[in-house]
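> Dropping a prediction and its sequence here:
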Amino acid sequence: IWDTAGQEKYHSVCHLYYRGAHAALLVYDITSKETLSRAKLWLQELEKEFFHDEIVIALVGNK
């Protein structure tokens, strides 16, 4: 399990973390639209790396 906390400093190396992953949880703060927007960007990155049948991706709202 890797937790990058959505920080930009991890953005350039995240592909190293999720290589070979079978699932990804993208967690955002339901009280912050900005965190949802960032989670959507992470989703786009995952979709570039994986075919849709290779990984399970869940978008999770947390308070």
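All right, it came through fine.

> Regarding this structure, what is its longest helix?
helix 33-49 (DSSP state H).

> by contact count, what packs against it?
Judged by 3 or more CB pairs under 8 Å, 6 or more residues apart in numbering; DSSP states H and E, the packing partners of helix 33-49 are helix 14-18, strand 23-29, strand 56-62. C-beta here means a position set from N, CA and C on the backbone, and glycine is covered the same way.

> Residues in contact with it: which ones?
Residues from elsewhere that reach helix 33-49 (CB atoms under 8 Å, 6 or more residues apart in numbering): 6, 11, 14-15, 18-19, 24, 26-30, 55, 57, 59, 61.

> Farthest-apart pair in these, please.
Of all pairs drawn from those, the greatest distance, 29.6 Å, lies between Arg19 and Ile30 (CB to CB).

> What's the separation between the residue lying farthest from the centre of the chain and Asn62?
What lies farthest from the middle of the chain is Thr31; by CA atoms, centre = their mean that is 18.1 Å. Computed as CB to CB, to the nearest Å, the Thr31 to Asn62 distance reads 10 Å.

> Same check on Ser32?
From Ser32 to Asn62 the distance is 10 Å (CB to CB).

> now do Ile30
Taking CB to CB, one finds Ile30 at 7 Å from Asn62.

> Tell me how many other residues crowd Phe51.
Phe51: 7 surrounding residues under other CB atoms under 10 Å.

> go on, the one 3 residues further on?
Using other CB under 10 Å as the criterion, Glu54 is surrounded by 10 other residues.

> I'd like to know which helix or strand in the protein has the lowest mean pLDDT.
helix 14-18 (a mean of 71; mean pLDDT, DSSP states H and E).

> Where does the prediction get shaky in this protein?
Within the chain, the stretches with pLDDT under 70 are 4-14.

> quick one on the thing from earlier: with only the CA atoms kept, save the least confident helix or strand of the chain in CSV.
Provided in CSV are the C-alpha atoms of helix 14-18 (Å, rounded to 0.1, in the frame of the first residue of the first chain):
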residue,chain,number,x,y,z
CYS,A,14,3.9,7.7,-9.0
HIS,A,15,4.1,5.4,-12.0
LEU,A,16,6.9,3.6,-10.1
TYR,A,17,4.6,3.0,-7.2
TYR,A,18,1.6,1.7,-9.1
